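In: Got a predicted structure plus its sequence, pasted below:
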Amino acid sequence: MLVTILLPKALFADDPAPAVIIWMVRILVTGASGFVGSLLSGALLGEGHAVRAFGRDLERIEMALDAAAAGRASRRAATAEATAELAAGDAVSGAGLAEALDGADVAYYLIHSMERSGGRDSFAELERRAAGNFGEAAAAAGVKRIVYLGGLVPRWSAAEAGAAASRHLASRLEVERLLLEAVPASLALRASIVIGARSRSFRLLVRLVERMRVVPLPSWQRFRTQPIDARDVIAMLVAAADLDGPRGSLDIAGPEILTYGEMVRRIADLMLIDRPALNLGVSIGSVTGRIAAAIAGEDPELVTALMGSLKGDLLAQGENAGEALNVHLHRFDTAVEHALAEWETNERLAAW
């Protein structure tokens, strides 16, 4: 078992034992039951940090961390003695935030709300509320640094992007603004599509390739982006715990620029299946997005939000993140092969 539930200040005590853990950074990881959060928690533990994993459901967090550990068999010996403290709460309501942030040096914000809320509030409103609550609680707790994982924005200024981009990307920028203003030494990493076995955007592409004999490609198939290996995202997030590291906003992206159509074709080739592409030449609406969600077995709100962001190129700008964070980047084909192999260890792909 990777995780144990500890008393509130067991890891984040104000006067830790000398010598043994002086070098630890005390870290809170929100969204710890998710794809990135569970992998990041394990990676941080492996680096010797004290980790508190935060989410709404302790059982889900524990299951996710165990699953992430099972996928790191080669590193299990290094992390066998490491444990994460579990903390329950809800950033939207603010419940449990003060307790979870108490004593933390660095806090990772990995909370997203693109799916249906079940109420009258939009996902953008939920994200604003959660980020506002979190930023205020982090500042009050004396957190030195917030690290946020958001999305690449079009090649405009942040202000223009907020006005002209999709609701999804505009919401990401608003969350970023709230967090950076709350704790000025914070860092926002902006990523394009993440290639990983549990990445929902990658799984959507794989499921469409797997389950459709002919893959229809709307007009956005010509837009370019820079997909990034999940392993590289985790490595950059771990490096971002350095309190003396970059601050502000940093675009993180893979080494190759590809169109969405090229990504679909290369995924099909790497899956060793023939999937002719049908170029539609037009965009798709919410109805078609819901059809794609049904085919892929994915949440329609998530799919329509993701596809609504495909209005142009999403490319990295500014400083080279790989160099800034000292992370070697994997190429697209290598990332896909690794993700598919990991996927196959738990769930067989029907097309194989």
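Out: Looks like it arrived, so ask away. Quick caveat: nothing in here was measured; it's all calculated off a predicted structure. Numbering: from 1, shown residues only.
In: and the longest helix belonging to the chain, which residues are buried?
Out: Secondary structure of the chain per DSSP state H: the longest helix is helix 123-141. Across helix 123-141, burial judged by 16 or more other Cβ atoms under 10 Å covers 123-124, 126-135, 137-138, 141. Every residue, glycine included, has its C-beta placed from N, CA and C.
In: Mind exporting the C-alpha coordinates of that helix to CSV?
Out: This file holds the C-alpha atoms of helix 123-141, laid out as CSV (Å, rounded to 0.1, in the frame of the first residue of the first chain):
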residue,chain,number,x,y,z
PHE,A,123,-17.7,25.3,-15.4
ALA,A,124,-16.0,28.7,-15.8
GLU,A,125,-17.8,30.0,-12.6
LEU,A,126,-16.8,26.9,-10.7
GLU,A,127,-13.2,27.3,-11.7
ARG,A,128,-13.2,31.0,-10.7
ARG,A,129,-14.7,30.2,-7.4
ALA,A,130,-12.3,27.3,-6.7
ALA,A,131,-9.2,29.2,-7.8
GLY,A,132,-10.2,32.3,-5.7
ASN,A,133,-10.8,30.2,-2.6
PHE,A,134,-7.5,28.4,-3.1
GLY,A,135,-5.5,31.5,-3.7
GLU,A,136,-6.8,33.2,-0.6
ALA,A,137,-6.3,30.2,1.6
ALA,A,138,-2.7,29.6,0.2
ALA,A,139,-1.8,33.2,0.9
ALA,A,140,-3.2,33.1,4.4
ALA,A,141,-1.3,29.9,5.1
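In: just for the stretch 1-150 of the chain, where's the confidence low?
Out: Counting by pLDDT under 70, the stretch 1-150 of the chain has low-confidence residues at 1-24, 71-82, 113-121.
In: can you give me the strands for it?
Out: Using DSSP state E, counting those that start in this stretch, the strands of the stretch 1-150 of the chain run over 26-29, 50-55, 85-88, 106-109, 145-151.
In: In its sheet, which strands sit next to the fourth one, and in what direction?
Out: Neighbouring strands of strand 106-109 in its sheet, by DSSP bridges, are strand 26-29 (parallel), strand 145-151 (parallel).
In: Identify, out of these, the most deeply packed stretch.
Out: Comparing these by mean neighbour count (mean count of other Cβ atoms under 10 Å), strand 26-29 comes out on top with a mean of 28.
In: Mind listing residues that contact that strand?
Out: With Cβ atoms under 8 Å, 6 or more residues apart in numbering as the test, strand 26-29 has contacts from 11-12, 37, 40-41, 44, 49-54, 84, 87, 100-101, 103-108, 110, 143, 241.
In: Could you single out the nearest of the buried residues of helix 123-141 to residue 154?
Out: Of all the buried residues of helix 123-141, residue 124 has the smallest distance to residue 154: 17.5 Å, by Cβ to Cβ.
In: Show the contacting residues for the nearest residue in space to that closest one that is not next to it in sequence.
Out: Spatial nearest neighbour of residue 124, excluding adjacent residues (Cβ to Cβ, 6 or more residues apart in numbering): residue 171 at 4.2 Å. Contact analysis of residue 171 by Cβ under 8 Å, 6+ apart lists 123-124, 127-128.
In: Farthest pair within these?
Out: 123 and 128, at 9.8 Å, using Cβ to Cβ across these.
In: hang on, isn't residue 64 packed against residue 34?
Out: Yes: using Cβ atoms under 8 Å, residue 64 makes contact with residue 34 at a distance of 7.1 Å.
In: What is the burial count for residue 199?
Out: Residue 199 has 20 neighbouring residues, counting by other Cβ atoms under 10 Å.
In: returning to what we had before: between residue 64 and residue 34, who's got more neighbours?
Out: Applying other Cβ under 10 Å to residue 64 and residue 34 shows that residue 64 carries more neighbours, namely 26 against 20.
In: quick one: the closest residue to the more buried one other than its chain neighbours and residue 200, what's the gap?
Out: Nearest residue to residue 64 in three dimensions, chain neighbours excluded: residue 38, at 3.8 Å (Cβ to Cβ, 6+ apart). Distance, residue 38 to residue 200, using Cβ to Cβ, to the nearest Å: 14 Å.
In: Also residue 332?
Out: Residue 332 sits 18 Å away from residue 200, going by Cβ to Cβ.
In: same thing with residue 148?
Out: Residue 148 sits 18 Å away from residue 200, going by Cβ to Cβ.
In: same deal with residue 190?
Out: 18 Å.
In: I'd like to know which of the buried residues of helix 123-141 is nearest to residue 181.
Out: Distance to residue 181, by Cβ to Cβ, is smallest for residue 135 among the buried residues of helix 123-141, at 7.1 Å.
In: residue contacts, that closest one?
Out: Listed by Cβ under 8 Å, 6+ apart, the contact set of residue 135 reads 146, 178-179, 181-183.
In: thinking again about what came up before, if you count surrounding residues, which of residue 190 and residue 200 has more?
Out: residue 190 (24 against 19).
In: Look up how far residue 238 lies from that one.
Out: In terms of Cβ to Cβ, residue 190 sits 17 Å off from residue 238.
In: One more: residue 128?
Out: Distance from residue 128 to residue 238, counting by Cβ to Cβ: 28 Å.
In: Many thanks, we can stop here.
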